[in-house]
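Q: Would you be able to build a 3D model of this:
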Amino acid sequence: MMQSIERVRYQFHRYKTARQDYMAALASIPNAEFEPLTPDVALSAVYLRQTFHLGFFDSHYAATALKLDRTIISFDRAYDDVKGLKRIDPTTEGKDAESQDEVS
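A: The predicted structure is shown next:
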């Protein structure tokens, strides 16, 4: 029995440490801000999940983006179907600007 309790304590400590590391990494991103989950975003996420068949987290990301600036940076093309949401593909962002610089 004692071994099981120690194992649970160890797993909890590992989770807590990993979570702290993750939060510190997110906090180190310049200009990043945390946006709280509000009831209106949660309801929008349910609608987006049912309407566009987005996953749980994807629907919350989309709902939050729609609330803020209607833009999401993602590789996932599933966001392309969400009306009013602009998806920026990180692999192509900046290439248009680079080609414009070459023309000038």
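
Q: where do the helices sit along the protein?
A: Using DSSP state H, the helices of the chain run over 2-27, 39-52, 56-68, 95-103.

Q: any idea which of those is most buried?
A: For these, average neighbour numbers computed from mean count of other Cβ atoms under 10 Å are highest in helix 56-68, which has a mean of 18. In this view, the C-beta of every residue, glycine as well, is placed from N, C-alpha and C.

Q: which helices and strands sit right next to that one?
A: The criterion is 3 or more Cβ pairs under 8 Å, 6 or more residues apart in numbering; DSSP states H and E, and the helices and strands that helix 56-68 contacts are helix 39-52, strand 71-73.

Q: mean confidence score for it?
A: Taken as a whole, helix 56-68 has a mean pLDDT of 96.

Q: Could you give the separation of that helix from the chain centroid?
A: In terms of Cα atoms, centre = their mean, to the nearest Å, the centre of helix 56-68 is set 8 Å apart from its chain centre.

Q: 54 is where my numbering starts, stick with that
A: Sure, I'll start counting at 54 from here, so that last one is helix 109-121.
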